[in-house]
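Q: predicted model follows, preceded by the sequence.
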Amino acid sequence: MLHRRILLGAAPLTAFALSTDCLLRAQDQQPAAGNPTQNSGPVIASPPVVQHRTPTGFTVVFQVKALATGWVEWGTTPDKLDRRAIGQHHGLKTASDLALAIHVNHGSELADAPIYYRLHAVPLRVVDRNVQYGEEDIGTVHCLRAFPNNPDRVHIAVVNDTHENAKTIAKLCERIESHDPDWLIWNGDTCNDFHPGKDVASILLGPGKTGDKDGGGWASSRPLIFVPGNHDVRGRLAHQLQTCLPGWPYGAGGSTLHTPYCSLHRIGPMAMVTLDTGEDKPDAHPTFQGTAAYEPYRDQQGAWLANAVKEKEFATAPYRLAICHIPLRGLPGQNDGTSMEGYAYYSGFGAKAWMPTLVDAKVQAIVSGHMHSTRLDVAVDGLPSQIVMGGPQMEIATLTRIVGDKNSLSIIVENLDGKEMVRQDLKPALS
């Protein structure tokens, strides 16, 4: 949820940027007997998840157990964390009882250096319009690899449709660490739903956690790129996803306020766009009870895409991919999700809004999930090829690797035993 300035009379809460629901919970809190300054236990509750990686910086997001503010200490050696990034929004320190997102701006001069960093969080309580602070909680030192800017290297891992399956996620983490990719993409359906009672922050920020606080993490040493799936928008707590896995914040070639999960990335010789296919039924479907507006949202993404593929970093790339959760191509007879019957096996709405642009831009492959089964749709009739990845159960889950250099690029889908299920080898696209 977007933070905003909250003016509460002359209260010191004006020193923080809080979401509206977080503010209401803060005002309802009462000091515990004998402990007016908050709990004294650990506040940091998840490993850091690195997002929004660029040559000049990155964002760190981590779960907190109570209303807290925080910062990140960082440096270029593990024993000298002599710089500090403070969580803030338009000049106001941010506070949350769900997760904190803190941007580290290290400048282009450190793009080729690993960054060592450590989380700090301080719980706070609002009592009679005054802020009382608890004991500072300090995390462990993590190392983020240097920005992957080798013009002749691509090494990405892609997961999808994890649906809160702890055993599958743990095995995926093992496979990811064994391959040690530079980037990780989570291509949608992190959950079954986000109904009340779900620990949203733990689901989204907890994968790969070791120990009882902030150890491990599948995206603490490499950046995560998140692409939403249809299940990620279901439930009364779904808005919390925006706090834990916020959309791409950058402008030209990146997202806008209206297309937060559209992003353009140039990774070595490969350019990649991410697109949000939204729900798997028409907006007018009765299950949404008038709450859905995915059809105009996909059209907005189509306008963004038309501009993104003209960017130099995309137009000059030898390899061009699109990442989205629901496939854009279907098999004969499959439901395209544009009628009131059933649900989408592929996104007819997305295909209509985006496929002509993807074809004109010479996109070679679409990487998707959603179907809980693995297949390769070869390029045909001018359409790009499409790789559809597996599902949440151990026996059907997959890890997809995108690896290559200027001469060739391979998209390899493996099961959890490392067996190759599908492979697509690409040659450089013609300009």
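A: That came in fine, so what should we check first?
Q: strands of the stretch 251-400 of the chain, residue ranges please.
A: 263-267, 270-274, 319-323, 365-368, 375-377, 385-388, 398-404 (DSSP state E, counting those that start in this stretch).
Q: make a markdown table from the ones you listed and add mean neighbour count, distance to Tyr294 and mean pLDDT to it.
A: C-beta coordinates here come from the backbone N, C-alpha and C atoms, glycine included. What follows is the strands of the stretch 251-400 of the chain, written out as a markdown table (neighbours: other C-beta atoms under 10 Å; distance: least, C-beta to C-beta, whole Å; pLDDT from 0 to 100):
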| stretch | mean neighbour count | distance to Tyr294 | mean pLDDT |
| --- | --- | --- | --- |
| strand 263-267 | 22 | 18 | 95 |
| strand 270-274 | 25 | 16 | 97 |
| strand 319-323 | 25 | 18 | 98 |
| strand 365-368 | 27 | 16 | 98 |
| strand 375-377 | 17 | 23 | 98 |
| strand 385-388 | 23 | 21 | 98 |
| strand 398-404 | 23 | 25 | 98 |
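Q: out of those strands, flag the one nearest Pro148.
A: Minimum separation from Pro148 across those (C-beta to C-beta) falls at strand 263-267, 6.6 Å.
Q: what lines up beside the closest one in the sheet?
A: Sheet neighbours of strand 263-267, with direction, are listed as strand 270-274 (antiparallel) (DSSP bridges).
Q: show residues contacting the strand it pairs with.
A: 154, 185, 225, 227, 248, 261-266, 305, 308-309, 313-314, 317-324, 363, 402, 404, 409 (C-beta atoms under 8 Å, 6 or more residues apart in numbering).
Q: quick check: Ala365 vs Gln334, distance?
A: 19 Å (C-beta to C-beta, to the nearest Å).
Q: oh, that last question was meant for Gln63, not what I typed.
A: Counting by C-beta to C-beta - Gln63 and Gln334 are separated by 38 Å.
Q: which of those two has more residues huddled nearby?
A: Between Gln63 and Gln334, Gln63 has the larger neighbour count (other C-beta atoms under 10 Å), namely 28 against 15.
Q: hang on, the more buried one packs against Ala45?
A: Yes. Assessed by C-beta atoms under 8 Å, Gln63 is found in contact with Ala45 at 4.2 Å.
Q: quick check: neighbours shared by those two?
A: Contacts common to Gln63 and Ala45, judged by C-beta under 8 Å, 6+ apart, are Ala201, Ser202.
Q: tell me the bridge partners for Trp71.
A: Beta-bridge partners of Trp71, as defined by DSSP bridges: Ile86, His120.
Q: now for it, how many residues are close by?
A: 20.
Q: could you measure from it over to Lys406?
A: Trp71 is 40 Å from Lys406, by C-beta to C-beta.
Q: ok, now Gly87?
A: 39 Å.
Q: of those two, who's got more company?
A: More crowded of Gly87 and Lys406, by other C-beta under 10 Å: Gly87, with 26 against 15.
Q: wait, that one sits on Ile102?
A: Yes. Using C-beta under 8 Å, Gly87 makes contact with Ile102 at a distance of 4.3 Å.
Q: from Gln424, how far out is the nearest residue to Thr338 once chain neighbours are set aside?
A: Nearest non-adjacent residue to Thr338, counting by C-beta to C-beta, 6 or more residues apart in numbering: Gly348, 4.3 Å away. According to C-beta to C-beta, Gly348 and Gln424 sit 23 Å apart.
Q: re the thing from before, tabulate the strands of the stretch 251-400 of the chain (TSV), appending distance to Leu144.
A: Listed next are these as TSV, based on distance: least, C-beta to C-beta, whole Å:
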stretch	distance to Leu144
strand 263-267	16
strand 270-274	20
strand 319-323	22
strand 365-368	24
strand 375-377	34
strand 385-388	28
strand 398-404	20
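Q: Asp214 is nearest to which of these?
A: strand 398-404 (24.2 Å).
Q: which strands or helices does the very next helix or strand once past the closest one pack on?
A: Downstream of strand 398-404, the first helix or strand assigned by DSSP states H and E is strand 409-415. Contacts defined by 3 or more C-beta pairs under 8 Å, 6 or more residues apart in numbering; DSSP states H and E place strand 409-415 against strand 398-404, strand 420-426.
Q: re the thing from before, ok, the residue nearest to Thr338 - contacts?
A: Gly330, Asp336, Gly337, Thr338.
Q: nearest to Leu237, of the residues you listed?
A: Nearest member of those to Leu237, counting by C-beta to C-beta, is Gly337, at 24.4 Å.
Q: against His325, how distant is the nearest residue to that closest one once chain neighbours are set aside?
A: Nearest residue to Gly337 in three dimensions, chain neighbours excluded: Ala344, at 2.4 Å (C-beta to C-beta, 6+ apart). As defined by C-beta to C-beta, Ala344 lies at a distance of 11 Å from His325.
Q: same deal with Glu313?
A: 23 Å.
Q: higher neighbour count, these two?
A: Legend: neighbour count by other C-beta under 10 Å for Glu313 and His325, higher for His325 (30 against 13).
Q: any low-confidence regions in the stretch 101-250 of the chain?
A: In the predicted model of the stretch 101-250 of the chain, no residue satisfies pLDDT under 70.
Q: where exactly do the strands run in it?
A: Using DSSP E, counting those that start in this stretch, strands in the stretch 101-250 of the chain cover 115-127, 130-133, 137-144, 154-159, 183-187, 209-210, 215-216, 224-227.
Q: so which of those gets nearest Pro392?
A: strand 154-159 (10.4 Å).
Q: what packs against that closest one?
A: helix 166-179, strand 183-187, strand 398-404.
Q: okay, these in TSV with distance to Val126 next?
A: Converted to TSV, the helices and strands packed on strand 154-159 look like this (distance: least, C-beta to C-beta, whole Å):
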stretch	distance to Val126
helix 166-179	35
strand 183-187	34
strand 398-404	44
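Q: who wins for proximity to His231 among those?
A: Per C-beta to C-beta, nearest to His231 of the helices and strands packed on strand 154-159: strand 183-187, 12.2 Å.
Q: now do the buried residues in the closest one.
A: Using 16 or more other C-beta atoms under 10 Å as the test for burial, strand 183-187 gives Trp183, Leu184, Ile185, Trp186, Asn187.
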